[in-house]
Structure formats: structure tokens, C-alpha cells
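A.B. asks: using only what follows, build the 3D model:
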Amino acid sequence: MPNRAAWGAAVAALVLLAGCHTAPPVLPASLTWQVRRLGLQARVHFTLKGRVAVATGGQGFNASLRWVQDGGSSLATLTGPLGAGGVEIAASGDDLHIVTANGAELRGDAARTELNNRLGFDAPLTSLRYWVLGVPDPARPAGETLDEAHQRLSGLQQDGWQIDYTSYMAVGDEWLPAHVTLERAGVRVRLIVDAWQS
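C.D. replies: Okay, the predicted model is just below:
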């Protein structure tokens, strides 16, 4: 018959293992916000999947979002009840190209007009690629509200927009935004990120 002491040790070990959880990453104390900000602003490849809720005046819509950043090129796909069912937005610098759900392709000013009509506001696409990562657009002045304890933003003011970061998720050895609210006069956009890939 097995030794009672050995059984007791085995049971205790199993209880301890059952209670273990994978701890979220802990950022090194030396990784200050200034260092993290520069690293995130330099990130040129990432994919996020999530959902957006847009309210403009008395109107609004919900849509699924997939954003792929590849160098200086952004590809955002919105699907849902947005106009005719969705839109694909490709932006690189000042170049804008959209494809609607019915296959219509528009570029330049025509694309901007169509996108503004569908969204109900002028989307700050150049800055959004930074804002979704939880950092300001480095090319423009910004006001930051820092969560000192975690060395990440809780709020950002840039180009007339107020961006609030209400929660983050662990992605590898970094924390990236999970819930973001963007507001400007008459416009509110809520983003919930379901998954990040970098």
C-alpha cells in the first residue's frame, strides 16, 4: 500500500498545480512610457480584429472591423449594416482607395466623399493607425494622460479628438488597447478589439 505521506504530497502538488494560472506579462520597470511610445510608434506590421459602434448626431451603426497595417499602408475592412453592407478602405499617405460591398471602386476625392457619407464623419485614417496602438501620431502635437502605474495612456487629445483607453490586453510581451473610445463634436466611435496579431 502506498505510503500515506507520499499520497499526501502528491495530492498537495495536484492542488497547487490546479490553482496555477498563467500570469500576464509584467513589463520591466525600466520600460518607461517614453521607451514604449517610441517602440509602438515604430511598429509597422500588425493586424487587429474587432467591432466598432459609431454614433453621429442622431444616427449610428455597428460593424465588424479588420485592420491590417503593412508598413505605411493601412487596409481596413468594415462589414455589417454600413450602407450597402460594408466597405474596404486602403490608405497610404494621402492616397485613398475604397471598394464598396457591391464592387464599386473609388479613389482620391471621390473615395473621401463616399467614405464620409458612409461613416458620417471625416475619418482620421493617417492617425488612426497610431491611435489603435495606444500612442499619438508622431507627426502631430498631442496631449497625453498617462496611467503612471502601468506606463501606458489612459487618454489622448489630438487633432480635435479625445481618445480614451479604458482597457488593455496582453499581446506577447506588450499591452495593447482592448477598448477605445474616440470623440469629437457630434461623433463618438467605440472600438472593441477581439484579437491582435503582430
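
A.B. asks: any low-confidence regions in this structure?
C.D. replies: 1-30, 81-85 (pLDDT under 70).

A.B. asks: contact partners for Arg107?
C.D. replies: Applying CB atoms under 8 Å, 6 or more residues apart in numbering, we find Arg107 in contact with Asp95, Leu96, His97, Ile98. For glycine as for every other residue, the C-beta is placed from the backbone atoms N, C-alpha and C.

A.B. asks: near the second one, how many other residues are there?
C.D. replies: Translated: Leu96. If you count neighbours by other CB atoms under 10 Å, Leu96 ends up with 21.

A.B. asks: hey, what's it bridged with?
C.D. replies: Applying DSSP bridges to Leu96 gives these bridge partners: Ala91.

A.B. asks: mind checking how far the spatially most central residue of the chain is from Arg112?
C.D. replies: Closest to where the C-alpha atoms of the chain average out (CA atoms, centre = their mean) is Val132, at 3.5 Å. For Val132, the distance to Arg112 equals 20 Å [CB to CB, to the nearest Å].

A.B. asks: Met169 contacts His179, correct?
C.D. replies: No: counting by CB atoms under 8 Å, Met169 stays clear of His179, with 9.2 Å between them.

A.B. asks: now do the shared contacts for these two.
C.D. replies: Common neighbours of Met169 and His179 (CB under 8 Å, 6+ apart) are Val193.

A.B. asks: name the SS class of His150, please.
C.D. replies: With DSSP: H, G, I helix; E, B strand; the rest coil as the basis, His150 sits in coil.
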